[in-house]
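# Compute the structure for the input listed below.
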Amino acid sequence: MKITVQSIHFNADQKLLEFIQKKVDKLDQFFDQIISGEVYLKLENVDDEANKISEIKLIVPGVTMFAKEQCKTFEEATDLAIESLRKQITKHKDKTREKLSEHKAILNANEVSDY
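This is a model prediction of the structure:
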């Protein structure tokens, strides 16, 4: 899966980029049809410690999934966003599997009635 990482208002170090790549690659375990992903890392100018934002967008056939988290560290924000995307992927797979089984049932019913 092709991942692009953009850091806004700062330069991300290689260790952070490798961490993000490793975490996003784990989503392939749940759904192997992910086409690409975009990760945006932002620093917000606020007094609060939780000023690091991680936004992840995944392109899947028929759907674009998005998660945004704000935490004290980019690693924590990325972990939470990945978990949110994992739930979205699972839900999407269940919906498509349900539709597919409905279509198969309709086809089987039509085949039986043809004879």
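# Helices of this structure, start to end?
14-25, 74-114 (DSSP state H).
# how far off helix 14-25 does the helix or strand of the chain with the lowest mean pLDDT point, in degrees?
Ranked by mean pLDDT, DSSP states H and E, the weakest helix or strand in the chain is helix 74-114, scoring a mean of 85. Angle between the axes of helix 74-114 and helix 14-25 is 20 degrees (criterion: axes from the mean of the first three to the mean of the last three C-alpha atoms, to 10 degrees).
# Please tell me how far helix 74-114 is from the chain's geometric centre.
14 Å (C-alpha atoms, centre = their mean, to the nearest Å).
# now stretch 66-77
On C-alpha atoms, centre = their mean, the centre of stretch 66-77 falls 13 Å from the chain's centre.
# likewise stretch 40-50?
That offset, for stretch 40-50, works out to 22 Å (C-alpha atoms, centre = their mean).
# Begin at 12, not 1, for the rest of this chat.
From this message on, residue numbering opens at 12, which makes the last subject stretch 51-61.
# Show me what counts as buried in that stretch.
52-53 (16 or more other C-beta atoms under 10 Å). The C-beta positions use only the backbone N, C-alpha and C, and glycine is treated the same way.
# what about that stretch, how long is it end to end?
Using C-alpha to C-alpha, to the nearest Å, the end-to-end distance of stretch 51-61 comes to 16 Å.
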